[in-house]
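Colleague: sequence unavailable; structure follows:
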């Protein structure tokens, strides 16, 4: 773990006895109480804590819902309605779980864009970033599986369309895709057998996420947190202890987030869903317009960008896979976009691209919508494959402060060696850019 | 002793054999143990038992279509009018993304009957076109509302993202007015 002074002192005979056998209190103290946190973190750094809250909320409400839900094609739809109407506080708990999925994705997207803006994926945080991408991937699988469980029209046809993506493998090896899809369904179409296994997997995956989160936090505590300047902490004056400073700030942000969450739960519980999911699943009638949940829309747009079925599937999975390679695609010696005058414009263009793809994913795939989807899809990939490598090479970063303390106070901290502040000017000061190219 | 060298060599080869055979045995055994846990997800005996159905065609007048369920999938059975059959036969194969003649998609002597699995070959939606008031698409067959695939009166893909024609399920005429699907 990140090297810093061990300040843990067992407070009594029991903690001393425990510390000699299982030093868990020592670990918690050193990692979450007296852990050095950059003093300049802004509110974009509060989403990690918020995401832990979201995961715990989904697990707790999910376990409760599983006590009342019946994963059988004949009664699944009714059992969800029964939870909403008859089960004590079921209306609230079901709503927290359904809205919670959307809140989880809002938080995770902000968390990802924070990482992209401040270069949090750059060395030595590549593994931390990749673990994050994996968590995002498993989150999407969990969200998709969970959306099938109410067994409404949108659930049923969402499963049908998404599982059918795998049938495109028939275009590589004839019969392979069909075999995979039949295996996923447990039949020749989406049936109750499919619902049962999706329920089982939807219960499993959150615990897989939990395990990945532990690795993600571990990797974070080895490398230490990035910060808005992208300069590593060098002296004691660059940091504050996690408790109470970062913890209190995280809690305040969490309260604000929970207010938004509660607004949806109590006043707009169905706003983020689809009316079609209040119609029980009917294998003979396809809804006029199948749309996934909002958090999948950009990827759904990319899926439909090309007229080829296999091509669309490959593009969609590549759109996520490319994220894994960002630490090596970005050639810049500076982490934070704050000091990158050219890249800054491309970053916001990328953010607009993602929003535009989200909008286009909700529209029918015809006419101008297709043209714009194709344009934005091209930029989505170009951003990672062309802009990140090239801009990093041609750009001259802005003058950077010598340290975090200097960035905050406008001068170097008291206990900082005088040499370090002198190295602050010019292109990429040595201590601020530890990554190798 | 005389046999020492030879027995050492024997030991070496025996060890080599064990080193190769052990893991190979483990791999095969492992695969045999894993297979039931994978195969349990394939269609069960109950799903396979429902694999064939008989359909009485007598009540379907020319121009009408019915939908029956087979293996949990809708099957479109259309009693095509002479004009629709003619339309399907007069298409040049060069105009088809998935070239197939009308004859290849129907049974000889029963050309008016078109039997197709009613699932769009793109992403599995149910195309419109069975009901009298339905949109039938630009080629008078079926139209998939999900991503805009148009099928003609022989169930062939003509326009849109679907890669293949509607699937013709295995079926046979057991009498002039009865078919067995599956």
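Modeller: Received the coordinates, thanks. As the structure is a prediction and not an experimental result, all values here were calculated from the model.
Colleague: what about stretch B:108-116 and chain A, touching?
Modeller: No: with CB under 8 Å from any CB of the partner chain as the criterion, chain A is not reached by stretch B:108-116; the gap is at least 14.5 Å. For every residue, glycine as well, the C-beta is placed using N, CA and C.
Colleague: so what's the gap between that stretch and the chain middle?
Modeller: Distance of stretch B:108-116 from the chain centroid (CA atoms, centre = their mean, to the nearest Å) equals 18 Å.
Colleague: one more: stretch B:64-81?
Modeller: On CA atoms, centre = their mean, the centre of stretch B:64-81 falls 15 Å from that of its chain.
Colleague: one more: stretch A:237-247?
Modeller: 25 Å.
Colleague: stretch A:264-272 spans what distance, first to last residue?
Modeller: Start and end residues of stretch A:264-272 are separated by 9 Å (CA to CA, to the nearest Å).
Colleague: same thing with stretch A:162-175?
Modeller: Using CA to CA, the two ends of stretch A:162-175 sit 18 Å apart.
Colleague: neighbours of residue 173, how many?
Modeller: The chain I'm using is chain A. Per other CB atoms under 10 Å in any protein chain shown, the neighbour tally for residue A:173 reads 9.
Colleague: that's the other chain; I wanted chain B
Modeller: Neighbours of residue B:173 using other CB under 10 Å come to 15.
Colleague: please, which helix or strand holds it?
Modeller: strand B:171-175 (DSSP states H and E).
Colleague: now what about that strand, what contacts it?
Modeller: B:54, B:107, B:110, B:115, B:179, B:180, B:181, B:182 (CB atoms under 8 Å, 6 or more residues apart in numbering or on different chains).
Colleague: excluding its backbone neighbours, what's nearest residue A:35?
Modeller: Excluding the flanking residues, the one nearest residue A:35 by CB to CB, 6 or more residues apart in numbering or on different chains is residue A:242, at 4.1 Å.
Colleague: now do the same contact list for the one you found.
Modeller: Counting by CB under 8 Å, 6+ apart, residue A:242 touches A:32, A:33, A:34, A:35, A:36, A:37.
Colleague: list just the nearest of those residues to residue A:274.
Modeller: Checking the contacts of residue A:242 against residue A:274 with CB to CB, the nearest one is residue A:32 at 40.2 Å.
Colleague: wait, isn't the closest one in contact with residue A:241?
Modeller: No: using CB atoms under 8 Å, residue A:32 makes no contact with residue A:241, being 10.0 Å away.
Colleague: flag every buried residue along the helix or strand of chain B with the lowest mean pLDDT.
Modeller: The helix or strand of chain B with the lowest confidence, counting by mean pLDDT, DSSP states H and E, is helix B:45-49 at a mean of 77. Neighbour-count burial for helix B:45-49 flags residue B:47 (criterion: 16 or more other CB atoms under 10 Å in any protein chain shown).
Colleague: can you list contacts of it?
Modeller: Contacts for helix B:45-49 (CB under 8 Å, 6+ apart): A:186, A:187, A:188, A:191, A:193, B:71, B:72.
Colleague: could those go into a markdown table alongside distance to residue A:202 and neighbour count?
Modeller: Shown next, in a markdown table, are the contacts of helix B:45-49 (distance: CB to CB, whole Å; neighbours: other CB atoms under 10 Å in any protein chain shown):
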| residue | distance to residue A:202 | neighbour count |
| --- | --- | --- |
| A:186 | 15 | 20 |
| A:187 | 19 | 21 |
| A:188 | 23 | 20 |
| A:191 | 17 | 17 |
| A:193 | 15 | 19 |
| B:71 | 26 | 21 |
| B:72 | 22 | 18 |
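Colleague: what lies in contact with stretch A:357-375?
Modeller: By CB under 8 Å, 6+ apart, the surrounding residues in contact with stretch A:357-375 are A:289, A:291-292, A:294, A:296-302, A:304-306, A:356, A:376-377, A:380, B:147-148, B:161.
Colleague: buried ones in it?
Modeller: A:357, A:358, A:360, A:361, A:363, A:364, A:365, A:369, A:370, A:372, A:373.
Colleague: and the third one, that's in a helix?
Modeller: Yes: with DSSP: H, G, I helix; E, B strand; the rest coil as the criterion, residue A:360 is located in a helix.
Colleague: who's in contact with residue A:105?
Modeller: So residue A:105 contacts A:139, A:143, A:294, A:295 (CB under 8 Å, 6+ apart).
Colleague: ok, residue A:7 next?
Modeller: A:29, A:30, A:34.
Colleague: let's see that with 6 Å instead.
Modeller: residue A:34 (CB atoms under 6 Å, 6 or more residues apart in numbering or on different chains).
Colleague: contact partners of stretch A:182-199?
Modeller: Contacts of stretch A:182-199 (CB under 6 Å, 6+ apart): A:71, A:73, A:145, A:148-149, A:159-160, A:163, B:41-43, B:47, B:71-73.
Colleague: most surrounded residue in the residues you listed?
Modeller: Ranking those using other CB under 10 Å puts residue A:160 first, with 26 neighbours.
Colleague: how close does that residue sit to chain B?
Modeller: 4 Å (CB to the nearest CB, to the nearest Å).
Colleague: which element is residue B:142 on?
Modeller: Taking DSSP H and E as the definition, residue B:142 sits inside strand B:140-144.
Colleague: return the residues of chain B in contact with chain A.
Modeller: Selection of chain B residues close to chain A by CB under 6 Å from any CB of the partner chain yields B:41-43, B:47, B:71-74, B:123-126, B:145-148, B:161, B:163.
Colleague: which of these fall in helices?
Modeller: residue B:47 (DSSP state H).
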